[in-house]
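Chemist: Generate coordinates for the sequence data below:
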Amino acid sequence: MSEVAVSTHGVGHNNPPKGLLRWITTTNHKDIGTLYLVLSLIMFFVAGTMALVIRTELFEPGKVLVDPEFFNQMTTLHGLIMVFGVIMPALAGLANWMVPLMIGAPDMAFPRLNNWSFWILPFAFTLLISTLFMTGPAPDFGWTFYAPLSTTYGPKSTDYFILSIHLMGISSILASLNIVVTIFNMRAPGMKWFEMPIFIWGWLVTGFLLLAVMPVLAGCVTMMLMDRHFHTSFFNAAGGGDPVLFQHIFWFFGHPEVYILILPGFGIISAVIQTFSRKRLFGYHAMVYATVVIAILAFAVWMHHMFVTGAPLGAQLFFMYTTMLVAVPTGIKVFNWIATLYKGSITFETPMLFALGFLILFTIGGFSGLMLSIAPSDYQYRDSYFVVAHFHYVLVSGSLFTLFAGIYYWLPKWTGRMYNETLGQLHFWLTAISMNLTFFPMHFLGLAGMPRRIPDYALQFTDFNQIASIGAFIFGFSQLIFLYILFRACILRRGEQAPAKPWDGAHGLEWSVPSPAPYHTFDTPPKVVPAEAH
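Modeler: From the prediction side, this is the model:
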């Protein structure tokens, strides 16, 4: 059987470039995955610093540490960078690293497109952050950039913001197209659909979600641009438009986006829990169907963000019930994870701790989401700190904790070194405790009536805000431990040498599939097997 070796930097490069040029021109999926993860890590600390500015201002009422306009700029950029600059690139990085390896492909389907989809992002975020240094204010209308705040009243820097959103959208569409085509066309011979890991299913469904909703976001910001400069009135009531139309379009993108941030994480958790329980995943088929059902229902719930906009009663009832319905497939997943843990031979390494932390905290976020799904209750909760608490419980645990679990889980395979387990566990406990310290009091603040996105507040909200601010600083500085763990393993190359199966006690379940292990492993260079040889 003849085999053709594939260059790690594209076909035909006998002398691949080295140094910086290597990273700029690489088409190797592992290199590009690493680039995504490094960008995500940088943006994580940038957006985290913005969050600490917000919490510093909110530590005490009556004291103006930062200008209220700057406070609004921080809330806007923190949300946008966390969603588009931290979670999405990190998940794309894991997809680039693991999808080809898990399905036995030599690389992604479109390696050069893969390179381009990454390198769009640094320019997009440079453009977005540069608005802070422009004459006039940076975008200060919140991460949801509702019209007319972002159209009629938006600062001049809004145009740069619109361009950066377009660039992020282009990157997401190219990356998701690449992942979907790779999964469809490049699975190892004999790997059937229901033999793929849940992580692959999560990314397959996420890829389709991205392809469906990113053009909607692009249309939304294009309409903003037209309203600002070309005298259209899509969102301008004075010209016959409707500002509520903006919310419909934005949330038709925005709610599926929540599942885009979470579904790949569900796949990571499925891999980690079965590995450290020493058991096969309970209810594999149910997990796959639940993933697909969640994605379908994601398109039928967007208006639960808009109960207070004067929606007709029939629409409110429909979206209330469909929102509650999402709890069913999500509940199936949680049940199956718990059933996998049941009577398992469980050990509590760092990836497992983050997986269990996710399981508990994500469930809390799900319950508060059910409270928000009830239209009459939502009238009281909307635009209060209760909503802030809800979506941080969902996204910090559902996205960030799953990312930590996945990185700790696969880091030995990526670097060939075991991370420092003591530091990893310290990172988990400080992160989990400070996360609850930060966001749990916000439930009480919201129920007591504190509105979100305000730089000052009434005296009765002081105690809970001070607890939240202290928790936020502990959370932020805890991530320096994570940074050191990565630096030690990846740059200094210190730590025990990782065995071929780092989690050998888990009976070699790293691949998380009921099918044979892929023919392409970490230990051998990728090969292309000609079609006629199959």
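Chemist: From now on I want contacts and neighbour counts done on CA atoms only, so please keep to that.
Modeler: Will do.
Chemist: what packs against the longest helix along the chain?
Modeler: Determined from DSSP state H, the single longest helix within the chain is helix 243-277. Taking 3 or more C-alpha pairs under 8 Å, 6 or more residues apart in numbering; DSSP states H and E as the contact definition, the neighbouring helices and strands of helix 243-277 are helix 88-103, helix 198-229, helix 284-297, helix 327-341, helix 350-373, helix 402-415.
Chemist: the inter-axis angle of the fourth one versus helix 284-297?
Modeler: Per axes from the mean of the first three to the mean of the last three C-alpha atoms, to 10 degrees, the angle that helix 327-341 makes with helix 284-297 is 150 degrees.
Chemist: CA atoms of helix 327-341 as PDB?
Modeler: In PDB, the C-alpha atoms belonging to helix 327-341 read as follows (Å, rounded to 0.1, in the frame of the first residue of the first chain):
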ATOM      1  CA  ALA A 327     -34.800  22.000  29.700                       C
ATOM      2  CA  VAL A 328     -35.800  18.500  28.500                       C
ATOM      3  CA  PRO A 329     -32.900  17.600  26.200                       C
ATOM      4  CA  THR A 330     -30.500  19.500  28.600                       C
ATOM      5  CA  GLY A 331     -31.900  17.500  31.500                       C
ATOM      6  CA  ILE A 332     -31.300  14.300  29.500                       C
ATOM      7  CA  LYS A 333     -27.700  15.200  29.200                       C
ATOM      8  CA  VAL A 334     -27.300  16.000  32.900                       C
ATOM      9  CA  PHE A 335     -29.000  12.700  33.800                       C
ATOM     10  CA  ASN A 336     -26.700  10.700  31.500                       C
ATOM     11  CA  TRP A 337     -23.600  12.400  33.000                       C
ATOM     12  CA  ILE A 338     -24.800  11.500  36.500                       C
ATOM     13  CA  ALA A 339     -25.700   8.000  35.400                       C
ATOM     14  CA  THR A 340     -22.200   7.700  33.900                       C
ATOM     15  CA  LEU A 341     -20.700   8.700  37.300                       C
END
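Chemist: Could you name the helices and strands sitting against it?
Modeler: Using 3+ C-alpha pairs under 8 Å, 6+ apart as the contact test, the elements touching helix 327-341 are helix 243-277, helix 284-297, helix 350-373.
Chemist: could you give the mean pLDDT of the shortest one?
Modeler: The average pLDDT for helix 284-297 rounds to 96.
Chemist: Show me what it is packed against.
Modeler: Taking 3+ C-alpha pairs under 8 Å, 6+ apart as the contact definition, the neighbouring helices and strands of helix 284-297 are helix 198-229, helix 243-277, helix 327-341.
Chemist: 10 Å - rerun?
Modeler: For helix 284-297, the helices and strands in contact under the criterion 3 or more C-alpha pairs under 10 Å, 6 or more residues apart in numbering; DSSP states H and E are helix 198-229, helix 243-277, helix 313-325, helix 327-341.
Chemist: Can you lay out the ones you listed as TSV showing mean neighbour count, mean pLDDT and distance to residue 157?
Modeler: Formatted as TSV, the entries for the helices and strands packed on helix 284-297 read as follows, by neighbours: other C-alpha atoms under 10 Å; pLDDT from 0 to 100; distance: least, C-alpha to C-alpha, whole Å:
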stretch	mean neighbour count	mean pLDDT	distance to residue 157
helix 198-229	21	97	12
helix 243-277	23	96	20
helix 313-325	16	96	35
helix 327-341	18	96	40
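Chemist: Quickly note the distance from residue 133 to residue 216.
Modeler: If you measure residue 133 against residue 216 using C-alpha to C-alpha, to the nearest Å, the figure is 29 Å.
Chemist: Pull the contacting residues for residue 90.
Modeler: Residues in contact with residue 90, defined by C-alpha atoms under 10 Å, 6 or more residues apart in numbering, are 33-41, 44, 84, 96, 261, 399-400, 403, 407.
Chemist: Would you mind checking those residues for buried ones?
Modeler: If you count burial by 16 or more other C-alpha atoms under 10 Å, the buried members of these come out as 33-41, 44, 84, 96, 261, 399-400, 403, 407.
Chemist: if we can go back for a sec, Throw the helices and strands packed on helix 327-341 into JSON lines and include distance to residue 191, thanks.
Modeler: Putting these into JSON lines (distance: least, C-alpha to C-alpha, whole Å) gives the following:
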{"stretch": "helix 243-277", "distance to residue 191": "18"}
{"stretch": "helix 284-297", "distance to residue 191": "15"}
{"stretch": "helix 350-373", "distance to residue 191": "27"}
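Chemist: do you know which of the ones you listed lies nearest residue 323?
Modeler: Nearest to residue 323 among the helices and strands packed on helix 327-341 is helix 350-373; the distance by C-alpha to C-alpha comes to 6.0 Å.
Chemist: how far does the closest one sit from the chain's center?
Modeler: Distance, stretch centre to chain centre, for helix 350-373: 15 Å (C-alpha atoms, centre = their mean, to the nearest Å).
Chemist: do the same with stretch 191-207
Modeler: Relative to the mean C-alpha coordinate of its chain, stretch 191-207 is positioned 18 Å out (C-alpha atoms, centre = their mean).
Chemist: and the end-to-end length of that stretch?
Modeler: Across its full length, stretch 191-207 reaches 20 Å between end residues, using C-alpha to C-alpha.
Chemist: Contact partners for residue 94?
Modeler: 30, 32-34, 36-37, 199, 264-265, 268, 403, 406-407, 410.
Chemist: what about it, distance to residue 265?
Modeler: Applying C-alpha to C-alpha, the value for residue 94 to residue 265 is 10 Å.
Chemist: any idea how far residue 178 is from the most centrally placed residue in the chain?
Modeler: Relative to the mean C-alpha position of the chain, the nearest C-alpha, by C-alpha atoms, centre = their mean, is the one of residue 87, at 3.0 Å. Counting by C-alpha to C-alpha, the gap from residue 87 to residue 178 is 18 Å.
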